[in-house]
Every structure is written in C-alpha cells, then in structure tokens.
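Peer 1: Provided below for reference: sequence and predicted model.
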Amino acid sequence: MNKEQIFMMLFRFKPDFSHRPSEQELAKMKEQWGSFIGNIAISEKLVSTYRLGFEGKSIQSDLSVTDGVLIAEEKMISGNMVVKANSLEEASELAKDCPILKMGGTIEVRTITPMEP
C-alpha cells in the first residue's frame, strides 16, 4: 500500500456574470457541494476546502496592483480542496464527483510540496 500524500484540487469554471441563479438552483448547488465535500470528509480524506470570492487584486513583479481576479482561457479559479490520498490517481478519482464538472468547469489535481522554513 502506498503512503498517503497530500494533493490540492483547483476548481475552475467560466463565470457568467449575467446569470443570477434562482433560490432553487442555489439550494441544489449547495446540496451537491455539501454531498461532495461530506463524502470526502466521511472517508477521512478531507484536509481543507475554500471557496474563493469574486473580488481580488493582482500584484505584478513591478509592484503595480490591478483590481480583479485572473481569468485564463475564459476560466477563473473558484476554490480549492486539499485531500489525502495514496496516489495522484486516487485523488483524481475523488475529484470526478465534484459538482463543478456538471457546470462545465474543470478540476486540476496537483501534488503539494511542503515549503522548507
């Protein structure tokens, strides 16, 4: 058996600022995300998860600051989840149940390398 490692899932989607989800749509999304996160937590694989807001600033190497978040290839990062798994393949399998995929989004699963002090 492999030694458990830590992986990060990065959730990306194409924002549609013109669409305002109904209360029913919001409730359904909340239920789907709760189920997805809950199942990973129950399996004792969840380390942490965060949903990102739509406001932000970008700081460039010349120290200039711009308002807004980065949208690359028409997608923005909407959140992340850190999970424990025995392999990159196992972490990728966990990601396949994520509701963002039903929204046309994507998930990037990455290894995490601890920072040395």
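Peer 2: Thanks, I have the structure now.
Peer 1: give me the neighbour count for residue 95.
Peer 2: The burial metric for residue 95, expressed as a neighbour count using other C-beta atoms under 10 Å, is 23. No exception for glycine: its C-beta is placed from N, CA and C like everyone else's.
Peer 1: kindly report the same for the one 3 residues further on.
Peer 2: Residue crowding around residue 98 was assessed by other C-beta under 10 Å; the count is 20.
Peer 1: so it makes contact with residue 13?
Peer 2: No: counting by C-beta atoms under 8 Å, residue 98 stays clear of residue 13, with 10.7 Å between them.
Peer 1: now the stretch of helix or strand residue 28 belongs to: how far from the chain's centre is it?
Peer 2: Using DSSP states H and E, residue 28 sits in helix 23-42. For helix 23-42, the gap between its own C-alpha mean and the chain's C-alpha mean amounts to 14 Å (C-alpha atoms, centre = their mean, to the nearest Å).
Peer 1: next: stretch 55-66.
Peer 2: On the basis of C-alpha atoms, centre = their mean, stretch 55-66 sits 22 Å off its chain's mean C-alpha point.
Peer 1: touching the helix holding residue 28 from outside, list them.
Peer 2: Contacts with helix 23-42, where a contact means C-beta atoms under 8 Å, 6 or more residues apart in numbering, come from 21, 46, 49, 81, 83, 94, 97, 98, 99, 102.
Peer 1: if we use 6 Å, what do you get?
Peer 2: Residues outside helix 23-42 that contact it (C-beta atoms under 6 Å, 6 or more residues apart in numbering): 46, 49, 94, 97, 98, 99.
Peer 1: show the buried residues in those.
Peer 2: 46, 49, 94, 98, 99 (16 or more other C-beta atoms under 10 Å).
Peer 1: look up phi and psi at the last one.
Peer 2: Comment: the main-chain dihedrals of residue 99 come out as phi -60, psi -20, following degrees, to the nearest 10.
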